[in-house]
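> Here's a sequence, model it:
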Amino acid sequence: MTRTALLIIDMQEEMAARTRAGRDRANPDAEARIAGLLALFRARGLPIVHVHHHEPGTPVALGQPGGEVMGCARPMPGEKIFHKSTSSAFSGTGLDAWLRREGIGRIVLVGAVAAFCVTSTTRMASDLGFQVVLPGDALVGFDIPAHDGGRIDAATVLRVTLSLLGADFAHLVTTDAVASHL
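Next comes the predicted model:
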């Protein structure tokens, strides 16, 4: 049986600040769903990995208010933490080697932001041979500027993102279905 880990990407206060500022956002219940998955993995003694974005000079830099971890995703002692400065959680972090050392072949990936760091991490994980389980309702997604003007709403961005990732890189599920993959 393949060992499974929960991988939580960039659940930092900058995401809550964007939401409070009125930014169009998909999945307003993502924080509660992530907290529920953390509780499930902790109750079952399964590995949990936290990845925090740290880019000096930006709102998500560690030590800045936006870089603080959100309450729904605070690490507990013994849970692995990686820091990244690029979009993918695998780029320059040692995550790949750690997962392999731990015998982990499947990751349940949640967090922020769906169209950016979650997408990069999902694609890289798949390219590296990991099975990715992606509960789409546990992803934070925001609107984006359209390349030809205007904005693309958060729900559409998330729908397209999940469609692309589900087509070739991840197994799409709801949070409620995650337990059946453990």
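> from here on, contacts and neighbour counts on C-alpha atoms
OK.
> any idea how far whichever strand in the chain runs longest is from the chain center?
The residue-count maximum for a strand in the chain (DSSP state E) belongs to strand 104-112. Centroid separation for strand 104-112 versus its chain: 7 Å, with CA atoms, centre = their mean, to the nearest Å.
> how about it: buried residues?
Within strand 104-112, the residues scored as buried using 16 or more other CA atoms under 10 Å are 104-112.
> can you check stretch 6-18 too?
Neighbour counts over stretch 6-18 (16+ other CA under 10 Å) mark 6-16 as buried.
> In TSV: those residues, plus secondary structure.
Below are the buried residues of stretch 6-18 laid out as TSV (DSSP: H, G, I helix; E, B strand; the rest coil):
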residue	secondary structure
Leu6	strand
Leu7	strand
Ile8	strand
Ile9	strand
Asp10	coil
Met11	coil
Gln12	strand
Glu13	helix
Glu14	helix
Met15	helix
Ala16	helix
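> which one among the residues you listed gets closest to Pro47?
Leu6 (6.4 Å; CA to CA).
> Quickly note the distance from the closest one to Gly129.
Using CA to CA, to the nearest Å, Leu6 is found at 16 Å from Gly129.
> Kindly report the same for Glu13.
31 Å.
> Next: Gly141.
From Gly141 to Gly129 the distance is 25 Å (CA to CA).
> Between those two, tell me which one has more neighbours.
For Gly141 versus Gly129, neighbours defined as other CA atoms under 10 Å are more numerous around Gly141 (30 against 11).
> Tell me the helix or strand right after the strand or helix carrying that one.
Element membership for Gly141, per DSSP states H and E: strand 139-142. The helix or strand immediately downstream of strand 139-142 is strand 144-145, counting by DSSP H and E.
> how about the helices of this structure, start to end?
13-20, 30-43, 95-101, 119-127, 154-168 (DSSP state H).
> Give me the buried positions along the second one.
Across helix 30-43, burial judged by 16+ other CA under 10 Å covers 30-31, 33-34, 36-38, 41.
> The fourth one too?
Within helix 119-127, the residues that qualify as buried by neighbour count (16+ other CA under 10 Å) are 119-126.
> Any idea how many residues pack against Glu102?
Glu102 has 12 neighbours, counted by other CA under 10 Å.
> That should have said Arg23, apologies.
16.
> just to revisit the earlier point, need the buried residues of helix 30-43 in JSON lines (columns: pLDDT and distance to Arg20).
Below are the buried residues of helix 30-43 laid out as JSON lines (pLDDT from 0 to 100; distance: CA to CA, whole Å):
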{"residue": "Ala30", "pLDDT": "98", "distance to Arg20": "15"}
{"residue": "Glu31", "pLDDT": "98", "distance to Arg20": "14"}
{"residue": "Arg33", "pLDDT": "98", "distance to Arg20": "19"}
{"residue": "Ile34", "pLDDT": "98", "distance to Arg20": "19"}
{"residue": "Gly36", "pLDDT": "98", "distance to Arg20": "22"}
{"residue": "Leu37", "pLDDT": "98", "distance to Arg20": "24"}
{"residue": "Leu38", "pLDDT": "98", "distance to Arg20": "24"}
{"residue": "Phe41", "pLDDT": "98", "distance to Arg20": "29"}
